[in-house]
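*Asks:* just to be clear, the model below is a prediction. Sequence and coordinates:
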Amino acid sequence: MRLPELGPERARKLRAPPHMACPFPAHMHPDCEEFENRVLTWMVGHRLLSDERQGYAGHSNRPPPGRLMGWLYPYGRAEAVVTGAQMAVWARMLDDRIADPAAHRQDLAEMAGRMLAFDSILHDSDAVFDRPDEPSEEILRDLCRRIRAMTTPDQWLRTQQAVLRAFLGFTADAAHASGNKLPTVARYRSIRRNTSTLDIFIVLAEVAAGFEVPPAAALRREVQMLVDTTTDLFTMAHDIFTCHKDVHHVDWLNFAILLAHEHARTPQGGLELAVEEFGNGTDRFHALSETLLDSFDHAPWARHLIRALEHVLGGYLAWLSELWITEAGDYDFGLVPLLGAAT
């Protein structure tokens, strides 16, 4: 099957579809600025920045991690919001400093060694590795100790599983990238469910909001399907917003671009298919939410979970709007979620 044409010229021709539904409200945590200051101080302490004035990793076009979590957890407890922002920094490091370079060098063995070291820390925060120039292990150790202290035993176990799933996803992603082998849309969806690391942040959303999904319920199909659908929407939204950039840089690992390939469409056609799939996914989210409530007799934790997932999705769309609309020019979705400070 012929590959769709990518590159700067094709990116200049790319236009947003007429409408992208945003049925999830978005609110900003009123203490967002305080959270960001705490995260920047923490980053300086872990040698990720030389000075708070440097900004987030030197990326002037990237809204800072404290702001991201302010959108995702608009009513959250301070420690959980700040810890979530710091975990987002570490997850970005996992991608940018380990997985992407390993794929570029076609050196998955080095990446595997790093993942095994992380796994040891995940299960024993006192595990020590001699990497004085790489702060990622010490950061994970710090995060593990703090998350374990604020979670129940079952929530901590789910956090460990979520991090291990991220390792699996980044390994699969690097394998495809290093071998120049395009995954199918179905396989890419599976990879992105893991590389999104969203399972980690769903556990932290519980902590931030002060509830817990009961251990037995967390294993139920109704819960898992709703969480998977949330993750699919989360990753599709990211790839829809970054499609313009990925077409420009000829990066094939994007949901819209892979849809274009499988359906013999142009990148514009793939983008339109992705937006249509996002709309279908929001309908599925609402249907699964009703099924969940009915299955558990409208239990308070089920209502809290649905609300937390809606905040994550609405907040992420708001964050993406801040991040990409100013970069992409005509590539503007006109998204107007219910924005505002949390009350």
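*Replies:* Looks like it arrived, so ask away.
*Asks:* send me stretch 200-212 as CSV with only the CA atoms.
*Replies:* This file holds the C-alpha atoms of stretch 200-212, laid out as CSV (Å, rounded to 0.1, in the frame of the first residue of the first chain):
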residue,chain,number,x,y,z
ILE,A,200,-0.4,6.4,36.5
PHE,A,201,-2.2,9.7,36.5
ILE,A,202,-5.6,8.1,36.9
VAL,A,203,-4.4,6.6,40.2
LEU,A,204,-3.1,10.0,41.2
ALA,A,205,-6.5,11.5,40.2
GLU,A,206,-8.1,9.2,42.8
VAL,A,207,-5.6,10.5,45.4
ALA,A,208,-6.1,14.1,44.4
ALA,A,209,-9.9,13.8,44.7
GLY,A,210,-9.8,11.7,47.9
PHE,A,211,-11.4,8.5,46.7
GLU,A,212,-10.4,5.0,45.7
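*Asks:* check the offset of it from the chain's centre.
*Replies:* 15 Å (C-alpha atoms, centre = their mean, to the nearest Å).
*Asks:* what residues of that stretch count as buried?
*Replies:* Neighbour-count burial for stretch 200-212 flags I200, F201, I202, V203, L204, A205, E206, V207, A208, A209, F211, E212 (criterion: 16 or more other C-beta atoms under 10 Å). Glycine gets a C-beta too; all of them are placed from N, C-alpha and C.
*Asks:* residues in contact with that stretch?
*Replies:* 72-73, 75-77, 80-81, 83-84, 87-88, 91, 147, 150-152, 154-155, 158-159, 162-163, 166, 213, 227, 230, 300-301, 304-305, 307-309, 311-312 (C-beta atoms under 8 Å, 6 or more residues apart in numbering).
*Asks:* which other helices and strands contact the helix or strand bottoming out on mean pLDDT in the chain?
*Replies:* Sorting the helices and strands of the chain by mean pLDDT, DSSP states H and E puts helix 8-13 at the bottom, at a mean of 76. Applying 3 or more C-beta pairs under 8 Å, 6 or more residues apart in numbering; DSSP states H and E, we find helix 8-13 packed against helix 243-248, helix 267-295.
*Asks:* include distance to F35, mean neighbour count and mean pLDDT when you put those helices into JSON lines, please.
*Replies:* Below are these laid out as JSON lines (distance: least, C-beta to C-beta, whole Å; neighbours: other C-beta atoms under 10 Å; pLDDT from 0 to 100):
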{"stretch": "helix 243-248", "distance to F35": "27", "mean neighbour count": "22", "mean pLDDT": "86"}
{"stretch": "helix 267-295", "distance to F35": "27", "mean neighbour count": "18", "mean pLDDT": "95"}
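*Asks:* ok, which of the ones you listed comes nearest G113?
*Replies:* helix 243-248 (29.1 Å; C-beta to C-beta).
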